[in-house]
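1. sequence and predicted structure are below.
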Amino acid sequence: MLTSFVLTLREGVEAALIIGILIGALRKLKLPQLSRVVWYGVISAGLVAVLAAVLLNLAGTEFEGPGEAIFEGITMLLAAIILTWMIFWMNRQAGEMKHQLESKIRQAADSQNRTAIFLLAFLAILREGIELALYLLAARFASNPVETLVGALAGLAAVAVLGWFLIASSQRVSLKRLFQTTSVVLLLFSAGLVGLGIHAFNEAGWIPVVIDHVWNLNNILPESSVFGQVLKSLFGYEAMPSFTSVVSYLVYLVTLGLILVWPRPSIVRSSSQ
């Protein structure tokens, strides 16, 4: 439940910021009447994202046995890949996000192109919605559908409360600092998806386990316990992980962690004499 709450809150806050930037830009241009076009795009994108989430969940229920394990593994690894891209993108370019959106909305508003404004809002929110649908599907495999749904609804409720504030204050919000605060948690969650995805492929026979159980923590922290379920849904905890699952988790976590914290070298330009 906590995983789906955090993911929904994160994506919802980003969506609210995008809406706020678009509407704020229209207000600056003294074209508030075009704000309804932005909301049309937001609502349309939301409906398409809900439809995509339903279809993804229905597709998951059609598989049984090895097919189900393969579907779960592919979904988890795909979610991890997209989540990894999002973490890097937000950390490197969130500071420019506001300027880029305002520039696009200004170009569309100069000609009062309602279709362009609609598509800008629609595509921006649709990306968030499709990503969230995929993340929640992966989170459902790590916990259960009821907990995932409750967490997502709680996240949406929190977004509804924060959304009005963010939309109103989007001109003063530092996007880079806002999303950096959750990057560590999302990195751990993404590493957990990688580990669980490899575990699913172990069950399907696609990837060898090498060693069945590297350790057994069921006597200390069983997965069936409340804390064990929280750790599994949030960080991919396994009481009896396979060797390949542990290695994939650690390689992903260490590699991406180092890339994120390693200072980027500055480029020194030398002038020719």
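-> Arrived safely. Residues are numbered from 1 along each chain as shown.
2. from now on I want contacts and neighbour counts done on CA atoms only, so please keep to that.
-> Will do.
3. list the residues that contact Asp212.
-> 241-243 (C-alpha atoms under 8 Å, 6 or more residues apart in numbering).
4. kindly recompute the last result at 10 Å.
-> The contact partners of Asp212, taken as C-alpha atoms under 10 Å, 6 or more residues apart in numbering, are 202, 240-245.
5. swap in Ala124?
-> Ala124 makes contact with 14-15, 18-19, 41-42, 45, 101, according to C-alpha under 10 Å, 6+ apart.
6. next: Leu221.
-> By C-alpha under 10 Å, 6+ apart, the contact set of Leu221 is 227-229, 237-239.
7. quick check on those residues: which are buried?
-> Buried by 16 or more other C-alpha atoms under 10 Å: 228-229, 237-239, out of these.
8. out of those residues, which sit inside helices?
-> Judged by DSSP state H, helices contain the following of the buried ones among the contacts of Leu221: 228-229.
9. quick check: the two most widely separated of the buried ones among the contacts of Leu221?
-> Gln229 and Ala239 (10.5 Å; C-alpha to C-alpha).
10. common neighbours of the two, please.
-> Common contacts of Gln229 and Ala239 (C-alpha under 10 Å, 6+ apart): 221-223.
11. just checking, next helix/strand downstream of the helix or strand encompassing Thr148?
-> Element membership for Thr148 (DSSP states H and E) is helix 145-168. Next helix or strand after helix 145-168 toward the C-terminus (DSSP H and E): helix 175-204.
12. list the buried residues of that following helix.
-> 175-176, 178-180, 183, 186-204.
13. now find how far off-centre it is within its chain.
-> Centroid separation between helix 175-204 and its chain, computed with C-alpha atoms, centre = their mean, to the nearest Å, is 9 Å.
14. quick one: average pLDDT of it?
-> Here helix 175-204 scores 78 as its mean pLDDT.
15. and stretch 72-86, by the same measure?
-> Stretch 72-86 comes out with an average pLDDT of 82.
16. how about it, which residues are buried there?
-> 72-80, 83-84.
17. among the residues you listed, which are in strands?
-> Using DSSP state E, no member of the buried residues of stretch 72-86 falls within strands.
18. nearest to Val54 among those?
-> Using C-alpha to C-alpha, Thr75 comes nearest to Val54 of the buried residues of stretch 72-86, at 14.6 Å.
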